[in-house]
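> When you get a sec, could you give me coordinates for this:
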Amino acid sequence: MEIIRTKRHLKDHQLQELLPTRSRSSINTKRVRIGALYRILPFTPGEDEEIKRAAPRLGQVGISRILPHRTPWEISQRAKALGIKLFSKGIRPLNIVGEPLADAIRKRAHEDGFTIRGLDCELGTGLYFTSCANQRAKRGGKPNMTAIRKAIEFFDAELVTGPDGTITIDWKDE
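Alright, predicted model coming up:
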């Protein structure tokens, strides 16, 4: 009973590790009888500081790896209480794949609020803008002009050839 009282911040399955001869049900029943129900311990100033420091680059799951005794839910609730916005995938900057036309289209889609995968689905280009353009650029291959033309038509833009022979995109509305 002393272990259950002093370790009330642990969940039933964690207490079961400390009391291997007891079932979860018996641990929970004993908790109720002696009034030692599970309770989240208050956050320490050090934990608050760690959340503040890590929030711009990590989400709740990443911070829970730094503070393993805290669940992602507890971390998100504490961040909300502190007025801290946690990192989310939507905030992450767009990767440059190395293919200028594909990069320009990816950037435009990102600015217009499209996910890159959503753009591929809308255009019916498979995974070209999601991953294939990147692979082609790494291998030194040429861009898939069919996919590029579909995207240019979708965004109501034009391909323009410069005096030095480089092909760029004219976004008409810019």
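> So which elements touch the helix or strand bottoming out on mean pLDDT in the chain?
Of all helical and strand segments in the chain, the minimum by mean pLDDT, DSSP states H and E falls on helix 133-139, at a mean of 81. On a contact count with 3 or more CB pairs under 8 Å, 6 or more residues apart in numbering; DSSP states H and E, helix 133-139 meets helix 100-111. Placement of C-beta: from N, CA and C, glycine included.
> about what we covered before: just the CA trace of the least confident helix or strand of the chain, in CSV.
Extracted C-alpha coordinates of helix 133-139, given in CSV (Å, rounded to 0.1, in the frame of the first residue of the first chain):
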residue,chain,number,x,y,z
ALA,A,133,11.3,15.1,-59.1
ASN,A,134,13.7,14.8,-56.2
GLN,A,135,15.0,11.4,-57.4
ARG,A,136,15.4,12.6,-61.0
ALA,A,137,17.3,15.7,-59.9
LYS,A,138,19.6,13.5,-57.7
ARG,A,139,20.3,11.2,-60.7
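> Specify the residue ranges that define each domain of the chain.
According to automatic domain parsing, the chain comprises the domains 2-34, 45-90, 100-170.
> how about the strands in the chain?
158-161, 167-170 (DSSP state E).
> Residue ranges in this protein under the pLDDT threshold?
38-39, 89-94, 174 (pLDDT under 70).
> hey, where'd the helices end up in the protein?
2-6, 12-18, 24-34, 45-54, 60-66, 72-82, 100-111, 116-123, 133-139, 145-154 (DSSP state H).
> on that earlier part again, can you tell which of the strands of the chain is closest to residue 6?
strand 167-170 (65.9 Å; CB to CB).
> Please identify the deepest-packed of the strands of the chain.
strand 167-170 (a mean of 14; mean count of other CB atoms under 10 Å).
> That strand - contacts with which helices or strands?
Going by 3+ CB pairs under 8 Å, 6+ apart, strand 167-170 lies up against helix 100-111, strand 158-161.
> For residue 86, list the residues it contacts.
55, 58, 59, 60, 63, 75, 76, 79 (CB atoms under 8 Å, 6 or more residues apart in numbering).
> Give the ChimeraX command for selecting the buried subset of those.
This is the ChimeraX syntax for the buried subset of the contacts of residue 86, where burial follows 16 or more other CB atoms under 10 Å:
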select :55,58,59,60,63,75,76,79
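> how close does the nearest residue to residue 135 once chain neighbours are set aside sit to residue 159?
Counting by CB to CB, 6 or more residues apart in numbering, residue 135 lies nearest to residue 141, which is 8.0 Å off, once chain neighbours are set aside. Residue 141 is 19 Å from residue 159, where distance means CB to CB, to the nearest Å.
> returning to what we had before: relative to residue 173, which of the helices and strands packed on strand 167-170 is closest?
helix 100-111 (10.1 Å).
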